[in-house]
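>>> would you be able to build a 3D model of this:
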Amino acid sequence: MTGNTLPPEIISQLLIAQKNEITEYHIYDKLSSTIKDRENGKILKHISDDELRHYKYWKSFTNRDVQPNRLKLWYYVCISRVLGITFGLKLMERGEDKAQVNYDRLAESIPGARNISKEEHSHEEKLLGMIREERLNYAGSIVLGLNDALVELTGALAGLSFALQKTDLIAIAGLITGIAASLSMAASEYLSKKTEGDTDNALKSSVYTGIAYIVTVVILVLPYFLLDHYLVCLVFTLLAALLIIFLFNYYISVAQDLNFRHRFFEMAGISMGVALLSFGIGFLVRTFLGVDV
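Take a look at the predicted model:
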């Protein structure tokens, strides 16, 4: 069947598919030429060639040229450069644009549509799965630093908030506690990796753990430096903790194909539970020990 004999709704679907393909061709091609890792560059180049081939196949039926979506092109290239190509490209592959193309409907008129659909799915499952990024290799170390900081510091700040009730003292105590804990956690991660025999990655693992910890500490303590009332500060700290948990778990769920909901509620439940318990401990300390600063 030629483009002249295809129904209008099929032509419309083909034009959407063409726009998707040419846009993603430019995204993969742009990233393949700028990425430092040669092996990852080869994988991206292979995908971009597939996208261009798909575009030309659809064009053979529509006989029309289609321009790429410049906004989408800019957006996903920027996301991939800032947050990593695995996250950026998997987020793109999840995009709603692909859902607009009904490949089963196209296959009724164009048998080759099924093969293209299979190739599109293989990009994420096979080719994108071959990409290696350092930040994802050390995801376990980042989780360790992030989770420990969230659990320990939200708990410490909640307890200190009720025990001290003065934002400047809470901020200083929380910051000192957090910095000391981050150094301790980084050192523990280094020794742990060395003990396991992973001497090559021990230092980098400890650095990722320490950085994740200290960044989390700064964000959680910041409200106590900016606001006056300790309970308002605590509310903003807990909201910041939930936001960190949400953003990090969303990132990991996309980049590593993990269950977002389960990981989010588990991590949030632990952090908020410890904070509530610590707040109660702070109340008991102030009440029964007569602490009054």
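
>>> surely Ser253 is in contact with Phe260?
Yes. Using CB atoms under 8 Å, Ser253 is in contact with Phe260, at 3.7 Å. C-beta here means a position set from N, CA and C on the backbone, and glycine is covered the same way.

>>> which one of these two is surrounded by more residues?
A side-by-side neighbour count of Ser253 and Phe260, using other CB atoms under 10 Å, places Ser253 first with 18 against 14.

>>> would you list the phi and psi of Asn63?
The phi and psi torsions at Asn63 (degrees, to the nearest 10) take the values phi 60, psi 30.

>>> now it: how far from Asn40?
According to CB to CB, to the nearest Å, Asn63 stands 36 Å off from Asn40.

>>> ok, Gly197 - how many residues close by?
Using other CB under 10 Å, Gly197 has 8 neighbouring residues.

>>> so for it, what pLDDT did the model give?
On pLDDT, Gly197 comes in at 74.

>>> and the gap between it and Lys90?
Gly197 is 32 Å from Lys90, by CB to CB.

>>> kindly report the same for Ile211.
24 Å.

>>> which one of these two is surrounded by more residues?
Taking neighbours as other CB under 10 Å, Ile211 and Lys90 compare with Lys90 leading, 21 against 16.

>>> look up the closest residue to the more buried one, ignoring the ones flanking it.
Spatial nearest neighbour of Lys90, chain neighbours left out: Val254 (5.3 Å); criterion: CB to CB, 6 or more residues apart in numbering.

>>> hang on, isn't Ala171 packed against Val221?
Yes. Ala171 is within contact range of Val221, at 5.7 Å (criterion: CB under 8 Å).

>>> comparing the two, which shows the higher neighbour count?
Val221 (25 against 21).

>>> buried stuff in the helix or strand that one falls within?
Following DSSP states H and E, the helix or strand that holds Val221 is helix 199-226. Within helix 199-226, the residues that count as buried by 16 or more other CB atoms under 10 Å are 201-202, 204-214, 216-217, 219-224.

>>> elements contacting it?
The criterion is 3 or more CB pairs under 8 Å, 6 or more residues apart in numbering; DSSP states H and E, and the helices and strands that helix 199-226 contacts are helix 134-137, helix 139-164, helix 167-195, helix 230-255.

>>> Tyr57: neighbour count?
For Tyr57, using other CB under 10 Å, the count is 18.

>>> okay, now the unreliable bits of the stretch 1-150 of the chain?
Applying pLDDT under 70 to the stretch 1-150 of the chain picks out residues 1-4, 95-100, 122-140.

>>> more neighbours: Asn63 and Asn40, which one.
Taking neighbours as other CB under 10 Å, Asn63 and Asn40 compare with Asn40 leading, 18 against 10.

>>> my read is that that one contacts Gly84, right?
No. Contact criterion CB under 8 Å: Asn40 and Gly84 do not qualify, at 10.6 Å.

>>> measure His229 to Lys166 for me?
Between His229 and Lys166 the computed distance is 10 Å (CB to CB).

>>> more neighbours: which of the two?
When neighbours are counted by other CB under 10 Å, His229 and Lys166 differ, and Lys166 comes out ahead with 16 against 11.

>>> I'd say the more buried one and Asp228 touch.
No. Counting by CB under 8 Å, Lys166 does not reach Asp228; the two are 9.9 Å apart.

>>> centre of the chain to the helix holding Val221, how far?
17 Å (CA atoms, centre = their mean, to the nearest Å).

>>> mind starting the numbering at 30 from now?
Sure, I'll start counting at 30 from here, so that last one is helix 228-255.

>>> next, the angle helix 196-224 makes with that helix.
Relative orientation of helix 228-255 and helix 196-224, computed by axes from the mean of the first three to the mean of the last three CA atoms, to 10 degrees: 170 degrees.

>>> what pLDDT does the spatially most central residue of the chain get?
For the chain, Tyr280 is the residue whose C-alpha lies nearest the centre (CA atoms, centre = their mean; 1.5 Å). What the model reports as pLDDT for Tyr280 is 82.

>>> just Lys233 next, same as before
Per-residue confidence (pLDDT) for Lys233: 81.

>>> could you chop this protein up by domain?
Per automatic domain parsing, the domain ranges recorded for the chain read 37-161, 164-317.
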